[in-house]
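*Asks:* show me the folded form of this:
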Amino acid sequence: MGKIFDVIIVGGGIVGTATLDRLARYDLDVLLVEKSDDVAAFSTRANSGIVHAGYDCEPGTLKAKFNVLGNALLWKDAEDLDVEHLKCGSIVVAKEDGKEGIARLAEKAKANGVEVEVWDRQKTLEFEPNIADDITMSLYAKSAGIVSPYQLAIAYADRAILNGASILLESEVKAINKKGEAFEVITSKGNYSAKVVINCAGENGAGLNDMAGAEHYDTEYRRGDYFILDNVERKNVHTVIFPLPTKAGKGILVAPTADGNVIYGPTSIATQKDDTASSLASLDEIRRNVPLSYKTPAFNKCIRIYSGLRTIIGHDFVIGESKLVPNFIMAIGICSPGLTSAPAIAEHLRDLVTSKLNCQRKANTVEQLPKTKRLMSLDEKELNALVAEDEAWGRIVCRCEKVTEAEVVRAIHSPLPATTVDAVKRRTRAGMGRCQGGFCGPRVMEIISRELGIPLEKVRKGNGEDSNIAVCKVKEVK
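*Replies:* Numbers count the residues shown, from 1 in each chain. Next up, the predicted model:
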């Protein structure tokens, strides 16, 4: 058996990394196991990045509780971790026949302790000029906003590592066995032991429960498709624009992103696990619905389409210790508003673990990550000073997003190193612009090859040995 840990967290999405971050501040030996090449590599990377206010959750549910608590915590975390975010508020827009729906949301907001205002058309137009012509009212929530979901998860992981936690990537859990008072976690990269196991495995959460002999849950999966628009469209969208929600979800929204783009989506398509392939039918659904709330859609500015997967277990989150397997703790079925709820869920899980293991908070921990220098935010004097110290600051790798070689190198050597092209993209935005890596992709590969000391043909796009981009050399130069 491998090293014995106090806690093993399975799953490196937003909930798993937030929980690792909270536990790393205590005198615990904590390991996070993730099957992909990076954290935030599946559902979290495809999250819309909306920080929900919590007005639409059913009062008394875990979703309502953790959404409202998480909203307050997330803004501070984003600031402390130097993650792009903006508290821009949100509006739910409706026509005249939606008056009762807006009133019901306002009642839920009051029950959940969320401050909202009901606005008429004129006040809504003053805040968001591009709403559809037949919109007559809106529900405004000032505590809502946007954050970069994958950068937040990565920053949680980085801070956790700096505080002494461990992360094992590309390590799929194959079995969990109870050995006396401890768990044996068998992975594709070895076997590990822990006193407590926390299931944050996302779409594989129910399966992990079954492995451990914990409660069985039937799981539903829904695919959400999105359009990403070029950053030139950002000037036209000032807040998050929701339609009235339905049983299928919050509906197809129009929203800015923390990185400066605009998104349209998501759909809510019943599907199977691991299905993230967009369809023409689902994209057409977005095309039909966006104009119902937003009168100036710009689908011609689309630079990418993508899909994410929501994992749904019943009508609420599943959070707490298994009644069948002591010390096996669950945080599964974390669909929307999971991103917003993540820091509050993490603190709840932290309290469960620390009370069980009777541990103390460390005397000295990293609380804030240093402000990251980005070319986009530097003035000429600051840039010249950096170039004088390191010429890599003067070499542009990504033209669209203005990313330098120095920023790519920093990502590769960060606390949780970026070792694939996609991992670099999530940390630097190289490849996220309008050319989608057409210019910078080969250069990023060269830098990864050089910094990691591996052949160019061994550089991977993302997870798995079959994601190599270059297969072999077609021309030798002597």
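
*Asks:* what strand or helix carries Asp316?
*Replies:* Of the helices and strands defined by DSSP states H and E, none includes Asp316.

*Asks:* how distant is the helix or strand harbouring Lys381 from the center of its chain?
*Replies:* Per DSSP H and E: Lys381 is located in helix 380-389. Relative to its parent chain, helix 380-389 has a centroid offset of 33 Å by C-alpha atoms, centre = their mean, to the nearest Å.

*Asks:* beyond that helix, next helix or strand please.
*Replies:* Downstream of helix 380-389, the next assigned helix or strand under DSSP H and E is strand 396-398.

*Asks:* can you point out the buried residues in the helix holding Lys381?
*Replies:* Leu386 (16 or more other C-beta atoms under 10 Å). To be clear about C-beta, it is placed using only N, CA and C from the backbone, and glycine gets the same treatment.

*Asks:* who's Ile396 bridged to?
*Replies:* Thr404 (DSSP bridges).

*Asks:* quick one, what contacts Lys250?
*Replies:* Neighbouring residues of Lys250 by C-beta atoms under 8 Å, 6 or more residues apart in numbering: 56, 242, 336.

*Asks:* rewinding a little: contacts for the helix holding Lys381 next, please.
*Replies:* Contacts for helix 380-389 (C-beta under 8 Å, 6+ apart): 373, 375, 378, 393-394, 406.

*Asks:* number of nearby residues for the closest residue to Asp158 other than its chain neighbours?
*Replies:* Nearest residue to Asp158, sequence neighbours excluded (C-beta to C-beta, 6 or more residues apart in numbering): Pro415, at 4.2 Å. The number of residues packed near Pro415 is 17, by other C-beta atoms under 10 Å.

*Asks:* for Pro415, give me its contacts.
*Replies:* Applying C-beta under 8 Å, 6+ apart, the residues contacting Pro415 are 157-159, 161-162.

*Asks:* highest neighbour count among these?
*Replies:* Highest count within those by other C-beta under 10 Å belongs to Ala157, 28 neighbours.

*Asks:* quick one, grab the pLDDT at that residue.
*Replies:* Listed pLDDT for Ala157 reads 98.

*Asks:* element containing it, please.
*Replies:* Using DSSP H and E, Ala157 falls in helix 149-162.

*Asks:* who touches that helix?
*Replies:* Contacts for helix 149-162 (C-beta under 8 Å, 6+ apart): 12-14, 17-18, 20-21, 23-24, 30, 32, 38-40, 44-45, 47-49, 74, 77-78, 81-84, 167, 258, 339, 366, 369, 414-416, 426-427.

*Asks:* put the alpha carbons of it into PDB.
*Replies:* Provided in PDB are the C-alpha atoms of helix 149-162 (Å, rounded to 0.1, in the frame of the first residue of the first chain):
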ATOM      1  CA  PRO A 149     -14.600  29.100 -13.300                       C
ATOM      2  CA  TYR A 150     -11.500  27.200 -14.400                       C
ATOM      3  CA  GLN A 151      -9.100  29.900 -13.200                       C
ATOM      4  CA  LEU A 152     -10.800  29.800  -9.800                       C
ATOM      5  CA  ALA A 153     -10.400  26.000  -9.500                       C
ATOM      6  CA  ILE A 154      -6.800  26.300 -10.600                       C
ATOM      7  CA  ALA A 155      -6.100  29.000  -8.100                       C
ATOM      8  CA  TYR A 156      -7.700  26.900  -5.300                       C
ATOM      9  CA  ALA A 157      -5.400  24.100  -6.300                       C
ATOM     10  CA  ASP A 158      -2.300  26.400  -6.400                       C
ATOM     11  CA  ARG A 159      -3.000  27.800  -3.000                       C
ATOM     12  CA  ALA A 160      -3.700  24.300  -1.600                       C
ATOM     13  CA  ILE A 161      -0.300  23.100  -2.800                       C
ATOM     14  CA  LEU A 162       1.400  26.100  -1.400                       C
END
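
*Asks:* tell me the mean pLDDT over the helix or strand following that helix?
*Replies:* Where DSSP H and E defines the elements, the next helix or strand beyond helix 149-162 is strand 166-168. Strand 166-168 comes out with an average pLDDT of 98.

*Asks:* other residues contacting strand 166-168?
*Replies:* With contact meaning C-beta under 8 Å, 6+ apart, strand 166-168 is reached by 5, 12, 20, 29-34, 39, 157, 160-161, 187, 189, 416.

*Asks:* hmm, try it at 6 Å
*Replies:* 31-33, 416 (C-beta atoms under 6 Å, 6 or more residues apart in numbering).

*Asks:* stretch 350-370 now?
*Replies:* Applying C-beta under 6 Å, 6+ apart, the external contacts of stretch 350-370 come out as 6-7, 22-23, 25-28, 80-82, 159, 162-163, 196.
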